[in-house]
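Trainee: build the 3D model from these lines:
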Amino acid sequence: MLNLDLIIANTHLSILYLFPVAIFGLFLNLYRKAILGRSNQQKSQAGDAYATVEKIATYEPHAAQNSLRDLIEIDGAGTWPPTTVYGDAWPEVLRPFHDIYQAMAPALSIAELSGDDVKNFQRCLDFRVQMRTLYNDQVNMEQVKALLDAAENDESVLSRAAWNGLFACIALSRHSFRWGTIPIVKLAQEEKVVDFPACLDLAWPYLKRRYGVTSQGGNVASNYLCNFDDKDQIVYPINPTMDDLIQSAEYHFGHVFPHIEREALPIYHMVTRAIQQYSNGDRIGTLQSLRGINKELRTPLKTYYETMHESKISRKVWMHYAQGFQGWAAGDIDPVTGEYTEYDGLSGNQLLLPQIMDAFLGLERYLNEENTQRYMPNLQRRFRETIAEHSFRDEAKRKGDDEIEEQMNNIVKQMRVFRTAHRVRVKPYLSVPAPERMIMTAGKSVLEKDDVHDYESAIAPLDKMLKDRLLATK
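Mentor: Have a look, this model is predicted:
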């Protein structure tokens, strides 16, 4: 009986204790639901506001974005760096160009040249005779002309990717014929006018018109950006029979250009978006894009630092087997005026990324108008010009926007580090003796003159240009 009374008493106590707690819990739960309800209502209202902001932030495409789109869709055939197809993917009448290059490429390079300049030049002449014979035997000039005439007006005749592949093929073929031997030799350098095979002179003007360049020779776009397939392999190699050290130098020096441009594409989108945002008064969005540019810019610059290294590009072979072939140092004579025009070859200053960053920062361009027209494809020029036209750095600085100026200065710092590293790293490569040839850089032609015979003196003007560009980057 006592135990039963204790149980009943404990039950009463429990009820008396738990009832207020339960009531309190009930009220607390109701209060929580009420608060959550108001919060959800506020979130819903806030969501509408955010939707409105997003709607406002959806601007019309800017001219800068349109110029980038044109570059990607037309010159890039839908990608950047460009999509390319070769050989069997071309109309049949063009395929001999591809096949002849592949047949002749193994004969270009030699492990050791003679000490006799005349014998070395004879090797060049023999190469040209063989190459010209193959063109005469295999290329139907009338059919090539008819196809290229049609392709200029009808994209269904030749795809954009096929144009890109042909650009590489004809440009590299012209460089092969121009030099005839690797390493290049003195007597070839002394030629002022080269008599090219008729089919190469037939095809090249179509490509010059399509891409908007005027040089006789190739450029970074033709010889590098368009010369790698979708597996990142060189399609038109220049040292296919040489040892691994030489082939590594050729590959990495060539591949660094499309590699950098591939990593630059997100930066191009951010640059055009920053311009769009600034022009629409979206300061927060502009700052976000600028921070993104600063972050992404490290990637392609790091690629350059890691590639221009002895472990990938040997100084011992670079000038002989990778650099010289990409020069030009020849020209033509105007039939009316008799005026001689000499053209240069490839140069790192033709790479798009540094030009876009300079334009975005409001800096003067490195290439003058004449060289820009000669070596930079039209849509790359237009993209750079549009970015330069809409650069907002100076305006933001005048308005006292310290945050935008800080982000711009951070970009400047990265470009200064890049140019400092480039100047330091390229000099040892250019200073390697090459007795088989006159002193020459690919982008500045022959530097050796009557009063200049050593590399230090010859590359001093080039070093000064690099220094001046560094000082202008501010």
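
Trainee: alpha carbons only for contacts and neighbour counts from here, please
Mentor: OK.

Trainee: which residues does the residue lying closest to E339 once chain neighbours are set aside form beta bridges with?
Mentor: Nearest residue to E339, sequence neighbours excluded (Cα to Cα, 6 or more residues apart in numbering): I333, at 5.5 Å. In this structure, I333 bridges to Y340 when assessed by DSSP bridges.

Trainee: what's near enough to touch I333?
Mentor: 193, 339-341 (Cα atoms under 8 Å, 6 or more residues apart in numbering).

Trainee: tell me, what's the model's pLDDT at it?
Mentor: We have a pLDDT of 95 for I333.

Trainee: about what we covered before: mind putting the contacts of I333 into CSV with distance to R262, neighbour count and pLDDT?
Mentor: Output for the contacts of I333, formatted as CSV (distance: Cα to Cα, whole Å; neighbours: other Cα atoms under 10 Å; pLDDT from 0 to 100):
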residue, distance to R262, neighbour count, pLDDT
V193, 36, 15, 98
E339, 40, 9, 96
Y340, 38, 13, 96
T341, 34, 13, 96
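
Trainee: could those residues be laid out in JSON lines, adding distance to L125?
Mentor: Below are the contacts of I333 laid out as JSON lines (distance: Cα to Cα, whole Å):
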{"residue": "V193", "distance to L125": "14"}
{"residue": "E339", "distance to L125": "26"}
{"residue": "Y340", "distance to L125": "23"}
{"residue": "T341", "distance to L125": "23"}
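
Trainee: which of those sits closest to A89?
Mentor: V193 (33.6 Å; Cα to Cα).

Trainee: that closest one belongs to a strand, doesn't it?
Mentor: No. Assigned with DSSP: H, G, I helix; E, B strand; the rest coil, V193 falls outside any strand and is coil.

Trainee: my read: it touches G331, true?
Mentor: Yes. V193 sits in contact with G331 when judged by Cα atoms under 8 Å, with a separation of 5.4 Å.

Trainee: tell me where the protein has strands.
Mentor: For the chain, strands defined by DSSP state E occupy the ranges 330-333, 340-343, 440-441, 445-446.

Trainee: lowest-pLDDT helix or strand in the chain?
Mentor: Within the chain, no helix or strand scores below helix 2-57, which has a mean of 42 by mean pLDDT, DSSP states H and E.

Trainee: residues in contact with the residue nearest the centre of the chain?
Mentor: Centroid-nearest residue in the chain, with Cα atoms, centre = their mean: E261, separated by 3.2 Å. With contact set as Cα under 8 Å, 6+ apart, E261 has these partners: 80-81, 300, 352-353.

Trainee: repeat that with 7 Å
Mentor: E261 makes contacts with 81, 353, as judged by Cα atoms under 7 Å, 6 or more residues apart in numbering.

Trainee: quick one on the thing from earlier: looking at the contacts of I333, which one is closest to T386?
Mentor: Distances from T386 to the contacts of I333, taken by Cα to Cα, are shortest for T341, at 29.5 Å.

Trainee: would you mind measuring from the closest one to Q216?
Mentor: Counting by Cα to Cα, to the nearest Å, the gap from T341 to Q216 is 10 Å.

Trainee: and for the two, which residues touch both?
Mentor: In terms of Cα under 7 Å, 6+ apart, T341 and Q216 are both contacted by the residues G331.

Trainee: so which of the strands of the chain gets nearest S114?
Mentor: Closest to S114 of those, according to Cα to Cα: strand 440-441, at 19.6 Å.

Trainee: quick one: average pLDDT of that closest one?
Mentor: Here the average pLDDT along strand 440-441 is 70.

Trainee: next: stretch 238-247.
Mentor: Average pLDDT, stretch 238-247: 98.

Trainee: from start to finish, how long is it in a straight line?
Mentor: End-to-end distance of stretch 238-247 (Cα to Cα): 9 Å.

Trainee: contacts for that stretch, please.
Mentor: Outside stretch 238-247, the residues that touch it by Cα under 7 Å, 6+ apart are 105-106, 108-109, 314, 317, 321.

Trainee: so where is the stretch 101-250 of the chain shaky, pLDDT-wise?
Mentor: Counting by pLDDT under 70, not a single residue of the stretch 101-250 of the chain qualifies.

Trainee: save the contacts of stretch 238-247 as TSV, and put in distance to N164 too.
Mentor: TSV is the format used below for the contacts of stretch 238-247 (distance: Cα to Cα, whole Å):
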residue	distance to N164
A105	20
P106	23
L108	23
S109	26
S314	30
V317	29
Y321	25
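
Trainee: A396: how many residues sit nearby?
Mentor: 15 (other Cα atoms under 10 Å).

Trainee: quick check: it vs D244, distance?
Mentor: Between A396 and D244 the distance is 51 Å, computed by Cα to Cα.

Trainee: same check on D401?
Mentor: 53 Å.

Trainee: likewise for M376?
Mentor: 32 Å.

Trainee: neighbour count: the two, which is higher?
Mentor: M376 (24 against 11).

Trainee: next one: that one from S311, what distance?
Mentor: M376 is 31 Å from S311, where distance means Cα to Cα.

Trainee: in this structure G212 contacts P377, no?
Mentor: Yes. Between G212 and P377 a contact is recorded at 5.2 Å, counting by Cα atoms under 7 Å.

Trainee: more neighbours: those two, which one.
Mentor: Neighbour count, other Cα under 10 Å: between G212 and P377, P377 has more, with 24 against 19.

Trainee: quick check on the more buried one: phi, psi?
Mentor: When read as degrees, to the nearest 10, the backbone of P377 gives phi -50, psi 150.

Trainee: hmm, K208 and it touching each other?
Mentor: No. Taking Cα under 7 Å as the definition, P377 is not a contact partner of K208, at 8.6 Å.

Trainee: could you pull out the helices for the stretch 101-250 of the chain?
Mentor: 117-138, 141-153, 160-179, 186-189, 198-211, 220, 244-279 (DSSP state H, counting those that start in this stretch).

Trainee: closest one to W90 among these?
Mentor: helix 160-179 (6.2 Å).

Trainee: tilt between that closest one and helix 141-153?
Mentor: Angle of helix 160-179 versus helix 141-153, following axes from the mean of the first three to the mean of the last three Cα atoms, to 10 degrees, is 130 degrees.

Trainee: begin at 457, not 1, for the rest of this chat.
Mentor: Fine by me, first position is 457 from now on; the one you just mentioned is helix 616-635.
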